Every structure is written in structure tokens, then in C-alpha cells.
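> got a predicted structure plus its sequence, pasted below:
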Amino acid sequence: MAESVYKVIELIGTSTESWEMAARAAVEKAAKSLEDIRVAEVVEQDLKMENDKVSAYRVKMKVSFKYHEEEAG
């Protein structure tokens, strides 16, 4: 079996609707520039407050994707 290497980055997604939408927004945006995203783990959730009301849901995520070494040539 061939070995694989994965890179892990941290992302923060935001939404005015929910933590789920915040996570989805972060992963979908990242997928536009990263290949082979494998796992997204929510590590923290918080709320942004304005005038005593929730104005945004935020999630901090660790996202892993497969590392592809550039071919020599």
C-alpha cells in the first residue's frame, strides 16, 4: 500500500444563520482552491454579539487534504 501525506489547515467560517451554515461555508469555499479535502473537524464554536443579540455564528475548523507532490519534469 502506498503511503499518503495530508496537510492540516485551520479555517474560520461565519454565518448569520447557524453554526452548520458557518461550517458549510468554510468547507465549500476551501474546496474551490484545495484538492482532495478529506476531513473537516469543528474544534470551536462561538457567537458574535451586537446589541445583546446574536449577529453571527462562527466555527473554527481543522481541515485536512491530501498532499500532492509536484512532479519533476
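Cool, got the structure. Everything quoted here is computed from the prediction, not taken from an experiment.

> the chain: helices as residue ranges?
19-31 (DSSP state H).

> low-confidence regions, it specifically.
For the chain, the stretches flagged by pLDDT under 70 are 1, 71-73.

> what about the strands in it?
Taking DSSP state E as the criterion, the chain carries its strands at 6-15, 37-50, 53-66.

> would you mind putting these into JSON lines with mean neighbour count and distance to A30 alongside?
(Each C-beta comes from the backbone N, C-alpha and C, glycine too.) Below are the strands of the chain laid out as JSON lines (neighbours: other C-beta atoms under 10 Å; distance: least, C-beta to C-beta, whole Å):
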{"stretch": "strand 6-15", "mean neighbour count": "14", "distance to A30": "6"}
{"stretch": "strand 37-50", "mean neighbour count": "12", "distance to A30": "7"}
{"stretch": "strand 53-66", "mean neighbour count": "16", "distance to A30": "6"}
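
> mind checking which of those strands is nearest K29?
Evaluated with C-beta to C-beta, those place strand 6-15 nearest to K29, the distance being 7.7 Å.

> from the chain's centroid, how far away is that closest one?
3 Å (C-alpha atoms, centre = their mean, to the nearest Å).

> partners of it in the sheet?
Paired neighbours of strand 6-15 in the sheet (DSSP bridges): strand 53-66 (antiparallel).

> any chance you could give me the partner strand in CSV, C-alpha atoms only?
Extracted in CSV, the C-alpha atoms of strand 53-66 (Å, rounded to 0.1, in the frame of the first residue of the first chain):
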residue,chain,number,x,y,z
LYS,A,53,-28.4,39.8,20.1
VAL,A,54,-26.6,37.1,18.1
SER,A,55,-25.2,38.7,14.9
ALA,A,56,-23.0,35.8,13.7
TYR,A,57,-22.3,32.1,14.3
ARG,A,58,-18.6,31.2,14.0
VAL,A,59,-16.8,27.9,13.8
LYS,A,60,-13.1,27.2,13.9
MET,A,61,-12.2,24.1,11.9
LYS,A,62,-9.2,21.9,11.2
VAL,A,63,-9.4,20.8,7.5
SER,A,64,-7.2,18.1,6.1
PHE,A,65,-6.5,17.5,2.5
LYS,A,66,-4.2,15.1,0.6
